[in-house]
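[1] okay, here's the prediction I keep looking at, along with the sequence it came from:
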Number of protein chains: 2
Amino acid sequence: MFSEIITVGDEILRGDILNSNARWLAKRLTALGVVVRRITSVGDDVEEIKSVLCEAIRRSNTYIFVTGGLGPTRDDMTMAAVAEALGRNLVLSREGLRWVKEKYQRAKERGLIEDESMTPSRLKMAMIPEGATPLYNPLGAATSVKLEVSGTKIFVLPGVPAEMIAIFESIESEIKGVKPCHKCLKVHTRDESSIASLLDEVHEKYGVRVASYPKIKAGEDFWVELRLSSDDDAVVERSFAFLKQQLEIRGIKVDELVEDGDDEWRAEVEKLKEMSGGRRRS
Amino acid sequence: MFSEIITVGDEILRGDILNSNARWLAKRLTALGVVVRRITSVGDDVEEIKSVLCEAIRRSNTYIFVTGGLGPTRDDMTMAAVAEALGRNLVLSREGLRWVKEKYQRAKERGLIEDESMTPSRLKMAMIPEGATPLYNPLGAATSVKLEVSGTKIFVLPGVPAEMIAIFESIESEIKGVKPCHKCLKVHTRDESSIASLLDEVHEKYGVRVASYPKIKAGEDFWVELRLSSDDDAVVERSFAFLKQQLEIRGIKVDELVEDGDDEWRAEVEKLKEMSGGRRRS
């Protein structure tokens, strides 16, 4: 189960913002047991979006997630690029149009806008590649889509984080992965090189995958974070027991790390859903 | 002046951490007037690193920055992958070896490690692609390199943020770009679609590039951020004056945004330089 994430937007390439969308998707896909093989950020440029999508399709992924560039303005060109990449026309989605109309109707009722008429820039948010399935956006006007090409499921999501998350959660049950087992450790040593041969030994003895990250922060102690992973839980447990024992012999302390969830993100999404009245549909 | 950034590490693909290295490099390159065309994250996998680097070279960039995977452990394989991608041998750098030896010598003197001998995992950090120029790492042991291939300058930097920044700053004077002019604005409207046709008009009238970002955060007001950019400062100024006037006619307030610097990062790097005694060399 391989996947790729493509994020679209000049603001990422200029370093104006951190790519938190990519991280969120990567974290969630990993939790679902889907291996993210590549994350690519490209700018608001039809040719760039087209080529990175075509490359990702050629790499035979099970899933491809594209986020960003679905809004009403000229620099939002992801749908057009996706349609071109797949050799399809960009067509007005009947469902999409109904959703966009409803959004502006509701915004007018709530006194947020004065005019709810379907201008070209609003219509643009209901345009999708021919044959794609529109996905309802509970928090915004831009229509998302899913489509399938040569065995790859492609999801095109908005760049506004809360909208992306809300739509992802509406299609999450379609994502099937194989959950690998793992354990994260904090090794209290300042010197990664001094445990490198032990890590090799653990890898060779148990066949466990070992990843090692030196953590260095001014004003704090240095340490090394380890991640042991395998398709087999018993392999992780056995290799962890051996590693712990060997580190203790060397007088090096090791703690098990508990990974943090995404509670903060979820709270934000829930608040926004309430604000926009999007809950009515979910 | 086009460039690409390649970040290496499974921890990014799993969503364990935000890709702050890519953002820092992108921001700094943009400030130098270099256009970042693509940012790609791949895992700790020789084949993946090789293929993304070869693809980036084929796209005729002026600069390519690769970060991550230079450490002493088995999962650090970037140098080997870069050497393979370029069809070069991985060789022991004399300068690199001297630096690595010095690091561990100094760490022993400071009582941080017990044994300073050159184990295979420490030697590994002095191995570089044949013909590459080693770059001194004031904050760590892993040797960085620069090399040139078919007109593209490639810099291979560590993944530890402070080390990456320190080495980047040592080669920054080699990076030449063309600074574009821009202005960032905060438009006090909740409805991006209602200003889309005005933005088109501004673009068509002045030839200015207009990027538009709806900002939505629970508990705060919504607004739209605009970025006007051009190679010509006068074009930015004229289009800004027109846009401001037109927004005011529509009763929409607009503020000019001041962009934040990277003071926080710099403070961290300076603190680490002091801690590691790296200042002696700079």
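    Here it is on my side, so go on.
[2] any idea how far residue A:189 lies from residue B:107?
    If you measure residue A:189 against residue B:107 using CB to CB, to the nearest Å, the figure is 12 Å. C-beta coordinates here come from the backbone N, C-alpha and C atoms, glycine included.
[3] right, I mislabeled it, should have said residue A:138
    In this structure, residue A:138 and residue B:107 are separated by 55 Å, where distance is defined by CB to CB.
[4] show me which of those two is the more surrounded one.
    Taking neighbours as other CB atoms under 10 Å in any protein chain shown, residue A:138 and residue B:107 compare with residue A:138 leading, 22 against 19.
[5] would you map the strands across the stretch 51-200 of chain A?
    A:63-67, A:90-92, A:127-129, A:133-135, A:144-149, A:152-157, A:181-187 (DSSP state E, counting those that start in this stretch).
[6] can you redo these as a markdown table with mean pLDDT and distance to chain B?
    A markdown table is the format used below for the strands of the stretch 51-200 of chain A (pLDDT from 0 to 100; distance: least, CB to the nearest CB, whole Å):
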| stretch | mean pLDDT | distance to chain B |
| --- | --- | --- |
| strand A:63-67 | 98 | 12 |
| strand A:90-92 | 97 | 16 |
| strand A:127-129 | 98 | 13 |
| strand A:133-135 | 98 | 18 |
| strand A:144-149 | 97 | 15 |
| strand A:152-157 | 98 | 15 |
| strand A:181-187 | 91 | 9 |
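[7] tell me the bridge partners for residue A:3.
    Partner residues in beta bridges with residue A:3, using DSSP bridges, are residue A:36, residue A:63.
[8] what about residue A:141, distance to chain B?
    7 Å (CB to the nearest CB, to the nearest Å).
[9] brain fart, residue A:245
    Distance from residue A:245 to chain B, counting by CB to the nearest CB: 20 Å.
[10] quick one on the thing from earlier: how about the strands of the stretch 51-200 of chain A, which one is nearest residue B:40?
    Evaluated over the strands of the stretch 51-200 of chain A, closeness to residue B:40 peaks at strand A:63-67, with 14.4 Å, by CB to CB.
[11] check the burial of residue A:220 by counting its neighbours.
    Residues within reach of residue A:220, counting by other CB under 10 Å, total 8.
[12] kindly report the same for the one 4 residues further on.
    By the measure other CB under 10 Å, the count of residues near residue A:224 is 25.
[13] neighbouring strands - and their directions - for the host helix or strand of it?
    Here residue A:224 is covered by strand A:223-230, with elements defined by DSSP states H and E. According to DSSP bridges, strand A:223-230 forms sheet pairs with strand A:181-187 (antiparallel), strand A:209-215 (antiparallel).
[14] surely residue A:255 meets residue A:185?
    Yes. Assessed by CB atoms under 8 Å, residue A:255 is found in contact with residue A:185 at 6.8 Å.
[15] which of these two has more neighbours?
    residue A:185 (19 against 12).
[16] can you list phi and psi of residue A:113 for me?
    According to degrees, to the nearest 10, the main-chain angles of residue A:113 amount to phi -130, psi 160.
[17] could you check how far the residue of chain A most remote from its centre is from chain B?
    When distances are taken from the C-alpha mean of chain A, residue A:249 lies farthest, 40.8 Å away, according to CA atoms, centre = their mean. Using CB to the nearest CB, residue A:249 is found at 14 Å from chain B.
[18] angles on the backbone of that residue, please.
    Per degrees, to the nearest 10, the residue geometry at residue A:249, taken as phi and psi, is phi -60, psi -40.
[19] and the pLDDT at it?
    Looking at residue A:249, its pLDDT reads 94.
[20] next: residue A:114.
    The per-residue confidence score, pLDDT, reads 87 for residue A:114.
[21] neighbours of it, just the number please.
    Residue A:114 sits with 11 neighbouring residues when counted by other CB under 10 Å.
[22] which residues touch it?
    Taking CB atoms under 8 Å, 6 or more residues apart in numbering or on different chains, we find residue A:114 in contact with residue A:108.
[23] for residue A:233, same thing?
    Contacts of residue A:233 were listed using CB under 8 Å, 6+ apart, and they are residue A:181.
[24] tell me the phi and psi of it?
    In terms of degrees, to the nearest 10, the main-chain angles of residue A:233 are phi -60, psi -40.
[25] quick one, helices of chain A?
    Ranges of helices within chain A are A:10-13, A:20-31, A:46-58, A:78-85, A:94-109, A:120-124, A:161-171, A:196-206, A:233-249, A:263-276, based on DSSP state H.
[26] nearest to residue A:152, out of these?
    Between residue A:152 and the helices of chain A, the tightest spacing by CB to CB is seen for helix A:46-58, at 5.7 Å.
[27] just for the stretch 151-282 of chain A, where's the confidence low?
    Filtered on pLDDT under 70, the stretch 151-282 of chain A yields the residue ranges A:218-219, A:259-265, A:268, A:272-282.
[28] which residues does the spatially closest residue to residue A:73 that is not a sequence neighbour bridge with?
    What sits nearest to residue A:73 in space, not counting adjacent residues and going by CB to CB, 6 or more residues apart in numbering or on different chains, is residue B:212, at 4.2 Å. Judged by DSSP bridges, the bridge partners of residue B:212 are residue B:226.
[29] wait, isn't residue B:212 in contact with residue B:200?
    No. Using CB under 8 Å, residue B:212 and residue B:200 do not qualify as a contacting pair, with a distance of 10.6 Å.
[30] so residue A:155 touches residue A:70, yeah?
    No. Under the criterion of CB under 8 Å, residue A:155 makes no contact with residue A:70, lying 11.8 Å away.
[31] with neighbour numbers in mind, choose between these two.
    Neighbours of residue A:155 and residue A:70, each counted by other CB under 10 Å, are more numerous for residue A:70; the result is 30 against 23.
[32] just list the residues touching the nearest residue to the more buried one once chain neighbours are set aside, thanks.
    Nearest-residue entry for residue A:70: residue A:142, 3.8 Å, with adjacent residues in sequence omitted and distances by CB to CB, 6+ apart. With contact taken as CB under 8 Å, 6+ apart, residue A:142 is in contact with A:70, A:71, A:72, A:76, A:125, A:158, A:163.
[33] give me that answer again for 7 Å
    A:70, A:71, A:125, A:158 (CB atoms under 7 Å, 6 or more residues apart in numbering or on different chains).
[34] re the thing from before, deepest-packed of the strands paired with strand A:223-230, please.
    Between these, the one whose residues have the most neighbours on average, counting mean count of other CB atoms under 10 Å in any protein chain shown, is strand A:209-215 (a mean of 21).
[35] what does the stretch 51-200 of chain A have sitting close to chain B?
    Those residues of the stretch 51-200 of chain A that sit near chain B, judged by CB under 7 Å from any CB of the partner chain, are A:71-75, A:107, A:112-113, A:119, A:121-122, A:160, A:162, A:190-194, A:196-197, A:199-200.
[36] of the residues you listed, grab the buried ones for ChimeraX.
    Selecting only the buried entries of those in ChimeraX, with 16 or more other CB atoms under 10 Å in any protein chain shown as the criterion:
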select /A:71,72,73,74,75,107,113,121,122,160,162,191,192,193,194,196,199
